[in-house]
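Have a look at this fold, sequence not included:
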């Protein structure tokens with residue numbers, strides 16, 4: 001039994017939710033609007049300021065989709081009210097990040113600076129040369145963009161150089177030893 005799928009989602013003030021046929025959900029809030037088409041098996045109901053997700057039967061597929069559907073709807077509600085953000089750190093001698101116009105420019109040890117354009121859904125903030133903040137209302141797009149930035153130079157275990165999430169801990173390895 002899905003415990004997450006059974007939890008009702010409370011709708012904050014100022015959030016408007018519309019469920020069309022084929023489970024096309026539109027959520028509008030103070031930060032923007034999100035749309036998503038969910039699986040047709042799940043039943044999404046809005047009543048008395050809460051959203052309830054229910055499944056038709058207890059097959060294995062429907063049990064797993066139940067919790068997923070509820071989480072996707074909850075992420076939409078949280079996104080339009082609070083938004084999501086990921087913080088990244090740039091570590092390494094000479095490694096730095098800057099923002100030029102609507103582009104993120106990374107100097108991370110390559111012969112050229114790496115440029116990543118800001119999209120309409122994503123806001124990039126560079127408070128200093130070693131920190132990057134990615135913000136947006138769509139959790140998946142924020143996470144994907146942060147992963148793409150990290151993928152340009154993932155942290156390496158010997159010196160700890162690279163781009164990492166602020167909560168990430170890099171396990172350091174010992175270097176070579178002179179074996180005789």
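Sure thing, it's come through. Keep in mind it's a predicted model, so treat the numbers as computed, not measured.

By residue count, what's the longest helix in the chain?
Of all the segments of type helix in the chain, defined by DSSP state H, the longest one is helix 60-81.

Just the buried positions in the helix or strand following it, please.
Using DSSP states H and E, the helix or strand that follows helix 60-81 towards the C-terminus is strand 84-91. Within strand 84-91, the residues that count as buried by 16 or more other Cβ atoms under 10 Å are 84, 86, 88, 89, 90, 91. Just so you know, the C-beta spots here come from the backbone N, C-alpha and C atoms, and that holds for glycine as well.

Using JSON lines, please lay out these together with distance to residue 141 and pLDDT.
Compiled in JSON lines, the buried residues of strand 84-91 are given as follows (distance: Cβ to Cβ, whole Å; pLDDT from 0 to 100):
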{"residue": "84", "distance to residue 141": "9", "pLDDT": "96"}
{"residue": "86", "distance to residue 141": "11", "pLDDT": "96"}
{"residue": "88", "distance to residue 141": "15", "pLDDT": "96"}
{"residue": "89", "distance to residue 141": "21", "pLDDT": "95"}
{"residue": "90", "distance to residue 141": "21", "pLDDT": "95"}
{"residue": "91", "distance to residue 141": "25", "pLDDT": "93"}
